[in-house]
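J.: the following block contains a protein sequence and its predicted model.
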Amino acid sequence: MIELNEVSKVYPGGVTALNSVNLHIPAGEIHGIVGRSGAGKSTLIRCLTGLEDVTEGQISIDGVDLTAARGAELIAARRSIGMVFQHVNLLDSRTAAKNIAHPLEIARVPKAERRRRVAELLELVGLSDRADNYPSQLSGGQKQRVGIARALAAEPGVLLCDEPTSALDSTTTRQILELIGQLRDRLGITVIIITHEMSVVREICDAVSLLDEGSIARSGPLLDVISDRSSPLSKELISLPPTSALQPGAQLIEVLLTESGTIGHFGDLFSLLSRNGLPTRVEAGSIETIQGRQVGRLHIRPEDSSTAQKTLQVLTDAGLHAELTTAAALETEAGLKEEEA
Ligand SMILES: Nc1ncnc2c1ncn2[C@@H]1O[C@H](COP(=O)(O)OP(=O)(O)OP(=O)(O)O)[C@@H](O)[C@H]1O
């Protein structure tokens, strides 16, 4: 379990990089942390790994207060966190097996034990047949697997992944995320993933936190955060392409489907509307499967604009998150988002 309690970090010179951050990450959770450039993500990582002292507050991992630990206790606490980076930085002169063995050598683990552990780790990341390959003989995804095995060498309880898939193509990304999920299931480790890719959060995270100017702007289980339809994070997690050219005043209904209401599937939504004599057109839509559920956002337009209110009523009565908007309002929102980026 990871606990951050009122953690602040002010750099010399006065920049407040973290501002009263509270976070509770239960054991075995995969927790995504997202935020714009400068939001404080790297600072958070450095504080979590003890590379940077916090200015105020406490960070504890499995009950050990990192911010108070000194000497042997601090070294043990640091070992309880394995780090995975975007750029793996393997030693080119060492084979995959020797790269994985490196932290064990530094920790003076006896040779026989080292061998056993490296074989186990190679098996764990699916690279048993690549033990004797040098980094130059490995693909980007295989190098990342070696990096993950190396991070797990000291049997940490926490795996801290800093943009682990940003340098990988989409197929390899999926495989690495699958591996991280399997490792959590097999080893029971807690995983923090810092990422700018919403697809990574959708695919693997149980919970997500948005860091904004050093503060946690939103945090919670993934489906709860998505269900908060007005939250910018929900809109980024299930984002929609721009609505096609419509009159600025055209009325649209934004529907968020998270299976929380009586409608569990988009198909049922259209049956419901047509049963009520309310034909609609889909102007834009995005549907994802998250944690085995169909989740999505749609912009629908009543074919007869005078039925917009009634359509909205039928949808909300069915327990769906729905709100009336206009093409002009959506355009302004999209413009603001672009400006922010
Ligand atoms: N060593 C430092 N000294 C002074 N200010 C710093 C230092 N490191 C970071 N900052 C400042 O702290 C704030 C947060 O920076 P940080 O690097 O943690 O953000 P980030 O979310 O990781 O950004 P990015 O995604 O671009 O890496 C920024 O305003 C940054 O300029």
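T.: Thanks, I have it.
J.: C-alpha only now, for contacts and for neighbours.
T.: Will do.
J.: send the alpha carbons of stretch 178-193 over as PDB?
T.: Output in PDB follows, covering the C-alpha atoms of stretch 178-193 (Å, rounded to 0.1, in the frame of the first residue of the first chain):
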ATOM      1  CA  GLU A 178      -0.500  -7.300 -20.700                       C
ATOM      2  CA  LEU A 179       2.700  -8.400 -19.100                       C
ATOM      3  CA  ILE A 180       2.400  -5.700 -16.400                       C
ATOM      4  CA  GLY A 181      -1.100  -6.900 -15.700                       C
ATOM      5  CA  GLN A 182       0.000 -10.500 -15.500                       C
ATOM      6  CA  LEU A 183       2.900  -9.600 -13.100                       C
ATOM      7  CA  ARG A 184       0.500  -7.800 -10.800                       C
ATOM      8  CA  ASP A 185      -1.800 -10.900 -10.800                       C
ATOM      9  CA  ARG A 186       1.100 -13.300 -10.300                       C
ATOM     10  CA  LEU A 187       3.200 -11.400  -7.800                       C
ATOM     11  CA  GLY A 188       0.500  -9.200  -6.200                       C
ATOM     12  CA  ILE A 189       2.700  -6.100  -6.700                       C
ATOM     13  CA  THR A 190       1.300  -2.500  -6.700                       C
ATOM     14  CA  VAL A 191       1.900  -0.700  -9.900                       C
ATOM     15  CA  ILE A 192       2.100   3.100 -10.600                       C
ATOM     16  CA  ILE A 193       2.100   4.100 -14.200                       C
END
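J.: what's the spacing between Val314 and the ligand?
T.: Val314 is 42 Å from the ligand, where distance means C-alpha to the nearest ligand atom, to the nearest Å.
J.: please enumerate the strands of the stretch 201-341 of the chain.
T.: 207-212, 215-221, 251-257, 280-290, 293-302, 321-326 (DSSP state E, counting those that start in this stretch).
J.: again, but for the stretch 51-200 of the chain
T.: 56-61, 64-65, 81-84, 158-162, 190-194.
J.: ranking the ones you listed by mean pLDDT, which is last?
T.: The weakest mean pLDDT among the strands of the stretch 51-200 of the chain belongs to strand 64-65, with a mean of 88.
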